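Colleague: A structural model of the following input is requested.
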Amino acid sequence: MPSTDPSFSPARTAAVSADPPSGRPSPSLSLPPLVALSLGYFLVMLDVTVVNVAVPAVQVSLDAGSSGLRWIVDGYGVCFAGLLLLGGGLGDRFGHRRLFLAGLGGFAAASAGCALAPSAGALIGARLAQGAGAALLVPASLALLRAAYPDRTLRARAVGLWGLVSAVAFGAGPAVGGLLVAGFGWRAVFWVNLPVAAAAVLLTVRHVPAPGRRARPGRADPAGLLLGVLGLFGVAGALNEAGSAGWSSPEVLVPFAGGVLCLAAFTAVELRLEKAAAVRPEGRRPLLPPSLLREAGLAATNLVGLLLSFGYYGLLFVVTLYFQQERQFGALITGVALLPSVCMGFLAAPLSSRLTARKGPYVPMAGALLLGSAGFLGWLAAGPDTPYPVLLFALMATGLATPVTVVAATVAVMEAAPAARAGTASAVFNVSRQVGGAMGVALFGALVGATGGVVDGLRVSAVVASVAFLLAAALAAVAGRRTGAARAG
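Modeller: The predicted model follows:
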């Protein structure tokens, strides 16, 4: 079925067609749009981790304190999570290609600001601006990917490659950062973003379909916009502080409570606007229609995304502490030690895209989560002197399971979301993942402190992560059965 997304232009995507009739070969994958959209996501994921190894040099250069350093590293993710819903809604309203280019431009400008920052405060501000640019381009990237590849098989292949790029960028961040800092200084980790962003802009302008004429979207939702941004900022910021300040500290409890209250008010506003819009279509439209979250496939996939990031990124934080503090590995050697996990993405991308195209997204999602759950239990063997080969199963199993799940879940979101709300649905999924990751880091960091050591904390955290993946696998299996039954009916 041809895409109804207004940004889709058949003339610009001649290499891609709708699902072919039975017996005809599937069309070939057009690469330029995929490369353009993948480069944007590459930047976003690279800057999650590339800064970590630059922290000591930044501290010396800018005389930054511990609180400032924490916000230099984590402020990016907080701003990214806080503005994702806004980015998705703006893309649905004004056009995803326009928002993607705006996000790339903002990200590049903020990266230059980071590289030129004369003080820690200026660097924090520029990192927050990077997060804002990322929040614009990520939901738009997924919506444009859906529009460019309406054929289900091609879409699964495209999302597989897109997910591979993100996994490689995230995993390569520490190694890339270490090389850049050693060779050119810490400012180079930000300068490197500019040529990548320029290439993404050029390819987008030339090869990604321009938006067509859009129907009148109705009046905006300023109250929902403000409450949604404040709520997500409050919750994400509190979770960011919880790992270091403790769950009971005022700097955690106050913003968390404020964020929850704002999100509760946001829900009430969106429910009222959705009911009113059914009577008066020309009135205000909700930023996030609650009916979108009641769709079974989307609701389950969002919970899977939260549990996935909770387990994987939470335990990755503790594993990094284990290698650096317990095993005394440097940042670069730690990055090398994690490479077996990262490299599994090269296998995960084609495996997940093929399974998803044949079986639908929920079967590979559930299977991968079960594998990841078993992989986490492999960390129970970790100790102060455990031979590295003993840890390879844990690294490789979780490294394979996570990107397979991400690719399958992304396809599930694309298939379940209405075309007119593709950006918002993508944003909600990414918010779930961001909040889950922040929760995992905060909780598992607290477990390390409560158990009195990194090794004991790692083992307890591994069990919690394994349970989280088991719950996610059950959700995926139930959603798959319900979706199959709905299609059969």
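Colleague: alpha carbons only for contacts and neighbour counts from here, please
Modeller: Fine.
Colleague: Quick check: buried residues in the longest helix seen in the chain?
Modeller: As far as residue count goes, and with DSSP state H defining each element, the longest helix of the chain is helix 454-488. Of the residues in helix 454-488, those scored as buried under the neighbour-count criterion (16 or more other C-alpha atoms under 10 Å) are 454-480, 483.
Colleague: Quick one: list the elements packing against it.
Modeller: If contacts are counted by 3 or more C-alpha pairs under 8 Å, 6 or more residues apart in numbering; DSSP states H and E, helix 454-488 sits against helix 296-321, helix 362-377, helix 422-451.
Colleague: burial of Leu391, as a residue count?
Modeller: The burial count assigned to Leu391 is 17, neighbours taken as other C-alpha atoms under 10 Å.
Colleague: Could you pull up the contacting residues of it?
Modeller: Counting by C-alpha atoms under 8 Å, 6 or more residues apart in numbering, Leu391 touches Gly378, Trp379, Ala381, Ala382.
Colleague: at 7 Å instead, please
Modeller: Leu391 makes contacts with Gly378, Trp379, as judged by C-alpha atoms under 7 Å, 6 or more residues apart in numbering.
Colleague: Could you look up the SS state of it?
Modeller: Leu391 carries the three-state label helix when classified by DSSP: H, G, I helix; E, B strand; the rest coil.
Colleague: how close does it get to Thr424?
Modeller: From Leu391 over to Thr424 the distance is 39 Å, taken as C-alpha to C-alpha, to the nearest Å.
Colleague: How about Leu123?
Modeller: In this structure, Leu123 and Thr424 are separated by 30 Å, where distance is defined by C-alpha to C-alpha.
Colleague: The two: which is more packed in?
Modeller: Neighbours were counted for Leu123 and for Thr424 using other C-alpha under 10 Å; Thr424 has more, 29 against 24.
Colleague: okay, now the residue lying closest to the more buried one once chain neighbours are set aside: neighbour count?
Modeller: Closest residue to Thr424 in three dimensions, ignoring its sequence neighbours and counting by C-alpha to C-alpha, 6 or more residues apart in numbering: Gly88, at 4.2 Å. Other residues near Gly88 come to 33 when the count uses other C-alpha under 10 Å.
Colleague: now for the helix or strand hosting Gly88, which elements pack on it?
Modeller: Secondary-structure assignment from DSSP states H and E places Gly88 in helix 66-94. In this structure, helix 66-94 packs against helix 120-148, helix 222-245, helix 422-451, with contacts taken as 3 or more C-alpha pairs under 7 Å, 6 or more residues apart in numbering; DSSP states H and E.
Colleague: Out of the ones you listed, which is the most enclosed?
Modeller: Across the helices and strands packed on helix 66-94, the average number of neighbours (mean count of other C-alpha atoms under 10 Å) peaks for helix 120-148, which reaches a mean of 27.
Colleague: moving C-terminal of that helix, what's the next helix or strand?
Modeller: Per DSSP H and E, helix 120-148 leads on to helix 152-184 as the next helix or strand towards the C-terminus.
Colleague: buried ones in that next one?
Modeller: Neighbour counts using 16+ other C-alpha under 10 Å place 152-181 of helix 152-184 among the buried residues.
Colleague: Now do it: which elements does it pack against?
Modeller: Packed against helix 152-184, as judged by 3+ C-alpha pairs under 7 Å, 6+ apart, are the following elements: helix 31-49, helix 188-191, helix 331-337, helix 339-359, helix 392-416.
Colleague: for the helix or strand following the second one, what is the average pLDDT?
Modeller: Going back to what we said before, that points to helix 188-191. On the C-terminal side of helix 188-191, the closest following helix or strand by DSSP H and E is helix 193-207. Across helix 193-207, pLDDT averages out at 92.
Colleague: Residues contacting helix 193-207, please?
Modeller: Residues from elsewhere that reach helix 193-207, judged by C-alpha under 7 Å, 6+ apart: Pro32, Pro33, Ala36, Leu39, Gly40, Leu43, Leu101, Leu104, Ala108, Ser111.
Colleague: among the residues you listed, which ones are buried?
Modeller: Burial by neighbour count, judged by 16+ other C-alpha under 10 Å, picks out Pro33, Ala36, Leu39, Gly40, Leu43, Leu101, Leu104, Ala108, Ser111 from those.
Colleague: so what's the fifth one up against?
Modeller: This means Leu43. Counting by C-alpha under 7 Å, 6+ apart, Leu43 touches Asn193.
Colleague: gap between it and Val478?
Modeller: Applying C-alpha to C-alpha, one obtains 35 Å for the distance of Leu43 from Val478.
Colleague: and what of the second one?
Modeller: Using C-alpha to C-alpha, one gets 35 Å for the distance from Ala36 to Val478.
Colleague: how many other residues sit next to the nearest residue to Pro361 once chain neighbours are set aside?
Modeller: With C-alpha to C-alpha, 6+ apart as the criterion, Pro361 has its nearest non-adjacent residue at 4.6 Å, and that residue is Ala408. Ala408: 30 surrounding residues under other C-alpha under 10 Å.
Colleague: And the pLDDT at Ala408?
Modeller: 86.
Colleague: ok, now Val168?
Modeller: For Val168, the model assigns a pLDDT of 72.
Colleague: before we move on, what about Leu475?
Modeller: Leu475 is assigned a predicted lDDT (pLDDT) of 92.
Colleague: my guess is Ala472 contacts Leu306, does it?
Modeller: No: shown here, Ala472 and Leu306 do not form a contact pair, counting by C-alpha atoms under 7 Å, at 8.8 Å.
Colleague: Would you reformat the helices and strands packed on helix 454-488 as a markdown table and include distance to Leu83 and mean pLDDT?
Modeller: Supplementary listing: these in a markdown table, determined by distance: least, C-alpha to C-alpha, whole Å; pLDDT from 0 to 100:
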| stretch | distance to Leu83 | mean pLDDT |
| --- | --- | --- |
| helix 296-321 | 17 | 87 |
| helix 362-377 | 27 | 93 |
| helix 422-451 | 9 | 82 |
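Colleague: And the ones you listed: which comes nearest Leu116?
Modeller: Across these, the minimum distance to Leu116, taken as C-alpha to C-alpha, is reached by helix 422-451, at 28.0 Å.
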